[in-house]
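*Asks:* Test case, fold it:
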Amino acid sequence: MATLLDPHARGRVILVGAGPGDPGLLTLRAVDALRSADVVVHDGLIDPAVLDHAPAHAQRISVAKRRARHTLPQEAINALIVAHVRAGAIVVRLKGGDPFVFGRGGEEVEAVRAAGLPVEVVPGVSAALGCAAEAMLPLTHRELSSAVSFVAGQCKGLSEQDWSGLAGAGRTLVIYMGVANASAIADKLMADGVDPAIPVAVLERGTLPGHRALRTLLADVGDLVRREGVESPAIIVVGEVVTLSDAEDRLGVYARRAEALAP
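*Replies:* The predicted structure follows:
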């Protein structure tokens, strides 16, 4: 196995999407990549069964990130990957969901390329697709939605971002990392003209044990998150397609949507 002690060796990076959580959603290419690894640099919330596909001798390095608390800053993760590749190791950078959907995969590819080292990408099932499928929630539908948008709900300057036209009739909006800011996100969308009574689903721990799919109205999503104690990982789906899902209507709010916001 290549090690950092051999500065003349040369390796490569395989950026791998691990999917939303369920090990059964790994692609065959992802499994092949893991089996070839000398080093696995992985995000948090990666199921141990996924890591088990790597050889026993492969070094496993967690760079888990949580809200406002990172094991390593992104620049240090980039440097760690580059250092191992320069030593000749095959480095699998294992990321939840898909590496190029809010996974900072683009930044890591840039860092490896800037170092003049080889890199390839193995896509994964994104959280939006995996969680929606589990909840029987189609993100597009010929009668209800012909467009889907993905946004990050914890970016700085949330209120200044332009989300106009992303939610409403005929459109589906999927919000990643939005649980902590659910009330502010709802206020922002309603201020931009989105109907307060538009259906919303909150998909918590999708494809993982203890998963929940809850539905409500946009005006009530902040209250739902607080009342039900929803925690990350979770996504928020806004749009009429929510009416087709298996998401549970807590306290009957959704079932009474026609009168919920009546004056």
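
*Asks:* only C-alpha atoms for contact and neighbour calcs from this point on.
*Replies:* Noted.

*Asks:* which helix in this structure runs the most residues?
*Replies:* Taking DSSP state H as the criterion, the chain has its longest helix at helix 74-86.

*Asks:* quick one: it to chain centroid distance?
*Replies:* 22 Å (CA atoms, centre = their mean, to the nearest Å).

*Asks:* which parts of it are buried?
*Replies:* 77-78, 81-86 (16 or more other CA atoms under 10 Å).

*Asks:* low pLDDT regions in the chain?
*Replies:* Where the chain drops to pLDDT under 70, the residues are 1-10, 66-71, 155-157, 251-263.

*Asks:* mind giving me the domain ranges of it?
*Replies:* Per the record's domain assignment (automatic domain parsing), the chain is made up of the domains 12-125, 128-260.

*Asks:* before we move on, the earlier item: tabulate the buried residues of helix 74-86 (JSON lines), appending distance to residue 175.
*Replies:* Conversion of the buried residues of helix 74-86 to JSON lines gives the following (distance: CA to CA, whole Å):
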{"residue": "77", "distance to residue 175": "26"}
{"residue": "78", "distance to residue 175": "26"}
{"residue": "81", "distance to residue 175": "29"}
{"residue": "82", "distance to residue 175": "32"}
{"residue": "83", "distance to residue 175": "34"}
{"residue": "84", "distance to residue 175": "34"}
{"residue": "85", "distance to residue 175": "34"}
{"residue": "86", "distance to residue 175": "37"}
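
*Asks:* Of these, which is the nearest to residue 137?
*Replies:* Nearest to residue 137, judged by CA to CA, of the buried residues of helix 74-86 is residue 77 at 35.0 Å.

*Asks:* check contacts around that closest one.
*Replies:* Contacts for residue 77 were tallied using CA atoms under 8 Å, 6 or more residues apart in numbering; they are residue 63.

*Asks:* do residue 85 as well
*Replies:* 10-13, 91, 117.

*Asks:* Noted, bye for now.
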